[in-house]
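> with the sequence up front, the predicted model follows.
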Amino acid sequence: MFAIVGILVVFGAVIGGFLMEKGHMSVLVQPAELLIIAGASIGTLLVANPLYIIKGVIAGLLGVLKGSPFSKARYLSTLKMMYQFLNKVRKEGLLCVEMDVEKPKESSIFKNYPEFLSDHHAVDFLCDTLRTAITGGVDPFDMDQMMELDMEVHHTASTAPVDALTTVADALPGLGIVAAVLGVVITMGALGGPPEEIGEKVAAALVGTFLGILLCYGVVGPLSANMRKTADEHNEYLHVLRVLILSFLKGSAPMIAIEMGRRAIPANVRPSFDEMEKNCKNKDVAIDAVAA
């Protein structure tokens, strides 16, 4: 939502300032220039990246428009889920959660947390780690190394679409110059015409450069930066799961493991200890109300 507001502010400020200087909006409406820049940008994206990265770019842009899913409420929900899960393990042993790990969508615990189940990377990260723990024979240090490796691979994959979009943003000023040069070529062919016609063609050429720079620094560049922050937030979420799981595997009680996970949550969305404790132990407490 804030991304949309930000884009509107960018265009509102630019257009508003242009109108204050007695500019005419009709001059900025140059479909041909926009077609050259937008079409060449999309073509650049298609040439430089395989299909799965292009799909990642689209999914990332849609995610930016929806806003970050990693709020305080999301973390409280995850801590409560893991508290219930770890308590079950402590009471009945690791083997009792084998079916929860093998079929998380059918789990009596996980199915109550649709936000977690919709995040297939987090589900795979948690279930694969627990599946390995259930088989036994893996030292906690080796388990930590395994989780760290998994996080690195996932983070590399999640930032590939960001790098692709950043490349497009970097290319936009140059593509704007291409559109401007084409406009100048057209202007050269009309030098024998009336001054008004030549002026319109020069203006159209300059609009190409203007659009390339504006789209780079006002739209595509900030969107790619937002996508990178979302990827970093997801990595931080996985890190919380990693700390929590490792603490439990080392022998900590469920509440201590949950507290270790809480300490790993980024400060801007970290719940207090009281919020976490009430949320985990009181089934009647609504997460949204606690997070408010």
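Arrived safely, thanks for sending. Numbering: from 1, shown residues only.
> which stretches in this protein count as strands?
In the chain, no strands are defined using DSSP state E.
> which residue is nearest the middle of it?
A centroid search over the chain (CA atoms, centre = their mean) returns Thr230, at 3.0 Å, as the residue closest to the centre.
> where does the prediction get shaky in the protein?
For the chain, applying pLDDT under 70 flags the ranges 1, 192, 283-292.
> the helices in it, which residues?
Ranges of helices within the chain are 2-20, 25-28, 31-48, 51-66, 72-92, 98-102, 114-118, 120-135, 140-188, 195-215, 221-249, 254-263, 273-281, 287-291, based on DSSP state H.
> got a markdown table for the ones you listed, with distance to Ser108 too?
To be clear about C-beta, it is placed using only N, CA and C from the backbone, and glycine gets the same treatment. Output for these, formatted as a markdown table (distance: least, CB to CB, whole Å):
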| stretch | distance to Ser108 |
| --- | --- |
| helix 2-20 | 37 |
| helix 25-28 | 59 |
| helix 31-48 | 44 |
| helix 51-66 | 29 |
| helix 72-92 | 9 |
| helix 98-102 | 7 |
| helix 114-118 | 13 |
| helix 120-135 | 15 |
| helix 140-188 | 25 |
| helix 195-215 | 50 |
| helix 221-249 | 19 |
| helix 254-263 | 17 |
| helix 273-281 | 17 |
| helix 287-291 | 19 |
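> list the contacts for the residue nearest to the centre of the chain?
Listed by CB atoms under 8 Å, 6 or more residues apart in numbering, the contact partners of Thr230 are 60, 63-64, 68.
> hmm, try it at 6 Å
Contact partners of Thr230, counting by CB atoms under 6 Å, 6 or more residues apart in numbering, are Gly63.
> for Val168, same thing?
With contact taken as CB under 6 Å, 6+ apart, Val168 is in contact with 41, 44-45, 220.
> distance check, it against Gly56.
Val168 is 13 Å from Gly56, where distance means CB to CB, to the nearest Å.
> one more: Met25?
36 Å.
> repeat that for Phe11.
Between Phe11 and Gly56 the computed distance is 26 Å (CB to CB).
> same question for Thr230.
According to CB to CB, Thr230 and Gly56 sit 12 Å apart.
> again, but for Gly39
Distance of Gly39 to Gly56, computed by CB to CB: 21 Å.
> next one: Asp232
Using CB to CB, Asp232 is found at 15 Å from Gly56.
> just Phe18 next, same as before
Distance, Phe18 to Gly56, using CB to CB: 35 Å.
> which of the two has more neighbours?
Shown here are Phe18 and Gly56; by other CB atoms under 10 Å, Gly56 has more neighbours (22 against 15).
> give me the nearest residue to that one, chain neighbours excluded.
Closest residue in space to Gly56, ignoring its immediate chain neighbours: Pro161 at 3.5 Å, by CB to CB, 6 or more residues apart in numbering.
> surely the one you found is in contact with Val57?
Yes. If you go by CB atoms under 6 Å, Pro161 and Val57 touch, sitting 4.4 Å apart.
> so the two - more neighbours on which side?
Taking neighbours as other CB under 10 Å, Pro161 and Val57 compare with Pro161 leading, 24 against 21.
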